[in-house]
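Engineer: quick check, what structure comes out for this input:
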Amino acid sequence: MSDFNINKDRWDSRSLLLIGIIYLLAQSFIYSRTLKMPIIINNKTIIVSSSAQARTVLSAHGYRLTPGDLLDSHGKIVLKGGGRPPMIYLNNQPLQAATTLKRDDKIRYLPGKNIKDKFASRVVAIPFRTKIIGRGDYSSLRRFGAGGKREEVFGEKSGKIIFSKIISYPEPTIIKRLKTAPTKKVALTFDDGPEPPYTEQIINILKERRAPATFFVLGRQVRKYPEILAATAADGFVIGSHTVDHARLDLMDTHSIDLELDISRQLITQNTKIVPTWFRPPYGELNDLVATEAAKYNYKIALWNVDSLDWKAPDPEFIWQQLVPEIKPGAIILMHDGGGDRHNTVAILPRLISYLRENGYEIVSLDELYGK
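Structural biologist: Residues are numbered from 1 along each chain as shown. You can find the predicted model right below:
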């Protein structure tokens, strides 16, 4: 029993010692956190805690740590924080980030400065616009536009334009849309080819009946079947561009539109030795930008006013019902020789040609339809 008491007394004394050590450490920590010391900022003594950070002390005493501002010629701020940063030295050395201060440290602070932006001048191009005037299914270039020029004075750092003046005004491209002449003339057009066997079958029917037509071809199809395109042109049929990939040009930028038109044109010329003069935008989507790019190639733009809907035709009779009610003087009839199964188009074509002629219509080329 006495041994137990002795051990118990030993543990009590050890516990008291441990508690005392913890207490002293805590007091030391609290003391260190509350200990004050002097430092000097710009020759002024300031009392701070011993663990103070230099930037925190500067900010707490009203010293701005952000750069000055960038001003325009009138002293108005054009870029917050765009001026010179403050210069801060600790004991004659540039202040480093997250620096803990020591007793009697000396800080020299020079505030950030506002600076005025320097000016420069430049001449920039003013793009020309395209105006599409009139109504109708045929479009042609009346005048190609020219860009203008504008001189600008601007801030070198801010980019803000201070002054500008027009050197020359842009002139718009004028595209005129026309209706066909009110005579009993119609034009047959075929899109999305060449594609075997339908293109050859359609050509044979047209040749047998001495009916002219225009084929708006896709560049991707020309790559596959160049010999069909060459034969079509050799037989005297007009070849027009329908782009390379049947893309929505109205959703594209200038460069992409130009690629579609240029590559398509090259493919046609390489395989027919003919430079195409007609263009049909896929889906008939025509905006100012598409018209402008087409005008660069001197294209005449042909839409349509009679749609056979043969691309979704379940049978020849369906196509017939789409065509006959819409045929009128000046009709541009849209059909397809490519893009899928076109046997119904082939089947209805002889009947259509006979119907047109029996009703007093003359089948002509697009050029003749528009008197060109």
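
Engineer: tell me how far residue 261 lies from residue 175.
Structural biologist: Per C-beta to C-beta, to the nearest Å, residue 261 is found 15 Å from residue 175. All C-beta spots, glycine's among them, are computed from the backbone N, C-alpha and C.

Engineer: could you do residue 159 as well?
Structural biologist: 35 Å.

Engineer: in terms of neighbours, single out the busier of the two.
Structural biologist: Counted by other C-beta atoms under 10 Å, residue 159 and residue 175 do not tie: residue 175 has more neighbours, with 24 against 10.

Engineer: beta partners for the more buried one?
Structural biologist: When assigned by DSSP bridges, residue 175 has beta-bridge partners residue 132, residue 141.

Engineer: wait, it touches residue 141, no?
Structural biologist: Yes - with contact defined as C-beta atoms under 8 Å, residue 175 counts as touching residue 141 (6.2 Å).

Engineer: quick one: residues contacting the closest residue to residue 115 other than its chain neighbours.
Structural biologist: Leaving out its chain neighbours, the residue that sits closest to residue 115 by C-beta to C-beta, 6 or more residues apart in numbering is residue 83, at 4.6 Å. Residue 83 makes contact with 67, 68, 69, 70, 71, 112, 113, 114, 115, according to C-beta atoms under 8 Å, 6 or more residues apart in numbering.

Engineer: if we use 6 Å, what do you get?
Structural biologist: Contact partners of residue 83, counting by C-beta atoms under 6 Å, 6 or more residues apart in numbering, are 67, 68, 69, 70, 112, 113, 114, 115.

Engineer: could you pull out the helices for this structure?
Structural biologist: Secondary structure of the chain by DSSP state H: the helices cover 2-34, 54-60, 198-208, 219-224, 226-234, 254-272, 288-296, 316-323, 343-358, 366-369.

Engineer: of all the ones you listed, which one is nearest residue 145?
Structural biologist: helix 288-296 (7.3 Å; C-beta to C-beta).

Engineer: which residues touch the spatially closest residue to residue 274 that is not a sequence neighbour?
Structural biologist: Leaving aside its sequence neighbours, residue 274 sits nearest to residue 233 (C-beta to C-beta, 6+ apart; 5.7 Å). Residues near residue 233 by C-beta under 6 Å, 6+ apart: 239, 272, 274.

Engineer: 10 Å - rerun?
Structural biologist: Residue 233 makes contacts with 215, 217, 239, 268, 271, 272, 273, 274, 276, as judged by C-beta atoms under 10 Å, 6 or more residues apart in numbering.

Engineer: before we move on, back to that, please convert the helices of the chain to CSV, extending it with distance to residue 192.
Structural biologist: CSV is the format used below for the helices of the chain (distance: least, C-beta to C-beta, whole Å):
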stretch, distance to residue 192
helix 2-34, 82
helix 54-60, 70
helix 198-208, 10
helix 219-224, 7
helix 226-234, 13
helix 254-272, 13
helix 288-296, 18
helix 316-323, 15
helix 343-358, 11
helix 366-369, 17
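
Engineer: and this protein, what are its domains?
Structural biologist: Following the assignment in automatic domain parsing, the chain carries domains at 36-117, 119-175, 180-369.

Engineer: out of these, deepest packed?
Structural biologist: Compared across those, domain 180-369 shows the largest average neighbour count, a mean of 18 (mean count of other C-beta atoms under 10 Å).

Engineer: average pLDDT for it, rounded please.
Structural biologist: What domain 180-369 shows for mean pLDDT is 95.

Engineer: so how far is that domain from its chain's centroid?
Structural biologist: From the chain centre to the centre of domain 180-369 is a distance of 30 Å (C-alpha atoms, centre = their mean, to the nearest Å).

Engineer: need the residue closest to the centroid of this protein.
Structural biologist: When C-alpha atoms, centre = their mean is applied to the chain, the residue found nearest the centroid is residue 253 (6.2 Å).

Engineer: quick one: residues contacting that one.
Structural biologist: Applying C-beta under 10 Å, 6+ apart to residue 253 gives the contacts residue 289.

Engineer: per-residue confidence for residue 155?
Structural biologist: 85.

Engineer: now for the helices of the chain, which one comes closest to residue 329?
Structural biologist: Of all these, it is helix 366-369 that lies closest to residue 329, at 10.0 Å by C-beta to C-beta.

Engineer: got a list of contacts for the closest one?
Structural biologist: So helix 366-369 is contacted by 137-138, 180-181, 183, 185-189, 212-214, 238, 240, 277-278, 280, 300, 302, 330-332, 362-363, 372 (C-beta under 10 Å, 6+ apart).

Engineer: then that helix to PDB, C-alphas only?
Structural biologist: Only the C-alpha atoms of helix 366-369 are listed here, as PDB (Å, rounded to 0.1, in the frame of the first residue of the first chain):
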ATOM      1  CA  LEU A 366     -30.200  30.700-117.700                       C
ATOM      2  CA  ASP A 367     -28.300  33.200-119.800                       C
ATOM      3  CA  GLU A 368     -31.100  33.400-122.300                       C
ATOM      4  CA  LEU A 369     -33.800  33.400-119.600                       C
END
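
Engineer: residue numbering should commence at 518 henceforth.
Structural biologist: With 518 as the first residue, the last one maps to helix 883-886.

Engineer: in space, what's closest to residue 643 - neighbours in sequence excluded?
Structural biologist: Nearest residue to residue 643, sequence neighbours excluded (C-beta to C-beta, 6+ apart): residue 665, at 3.7 Å.
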